[in-house]
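got a predicted structure here, sequence first:
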Amino acid sequence: MKHTHAPSTTRLARLTRLALSLSCSLPWMLASGASHAGEHERAGRVPPPKPYVQECAACHVAYPPGMLPAASWTRLMNGLGQHFGTDASLDEKDVRLIHQWLMANADTRSRASAPVPQDRITRTAWFERKHRHIEPDTWRLPSVRSASNCMACHTGADRGQFGEHDLRMPQGLSARQRAAWDD
């Protein structure tokens, strides 16, 4: 007959400390991106400054800063007077606040040093790889309008969530496009 013993007091104390440590640090790990969430979903958890939401999200999704490297964000912030054909100028205080937040949370992985054509998120290697099966006609559907309209397919884009579980099929897809979507 095999005897099982209760864990020693010392071992039990260590396990209790470990459990407490994990329960206290887990929310911080998740907020900082230590989870297995999508790389850009992590960036969406960093609260944006109010002017970023008020100004930038008034025209498009408030893109998570991790979608572009710091150099691209700097060029975009320095060119707000001609922001993709629109005057998106802001007062200097808001520009500084937004720019600091973007720099603190921009993509810093080794691939971030690669230049991004026209500083467009839709031209990054990551975006092109993730959307390589999307036919060009899909971007022109009235329900989509362009590749930069993330909300057309990603229901959590406004919260920085781009995972596959947050996808919806846009309206107007042909039978062939719907079949490719399910692929």
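It's in.

where are the low-confidence patches of the protein?
Along the chain, segments meeting pLDDT under 70 span 1-45, 110-113, 183.

which residues of it fall in helices?
Assigned by DSSP state H, the chain shows helices spanning 9-32, 39-43, 50-55, 70-78, 92-105, 125-130, 136-139, 175-182.

which outside residues touch the fifth one?
Translated: helix 92-105. Residues from elsewhere that reach helix 92-105, judged by CB atoms under 8 Å, 6 or more residues apart in numbering: 43, 46, 48-49, 51-52, 55-56, 64-66, 70, 73-74, 77, 80, 90. The way it works is simple: take the backbone N, C-alpha and C, and place the C-beta from them, glycine included.

report the buried members of those residues.
Buried positions within the contacts of helix 92-105, assessed by neighbour count (16 or more other CB atoms under 10 Å), are 43, 46, 48-49, 51-52, 55-56, 64-66, 70, 73-74, 77, 80, 90.

pull the number of nearby residues for the closest residue to residue 70 other than its chain neighbours.
Using CB to CB, 6 or more residues apart in numbering and skipping residues adjacent in sequence, the residue nearest residue 70 is residue 106, 4.0 Å away. Neighbours of residue 106 under the rule other CB atoms under 10 Å: 20.

residue 106 and residue 66 touch, don't they?
Yes. Counting by CB atoms under 8 Å, residue 106 does reach residue 66; the two are 6.7 Å apart.
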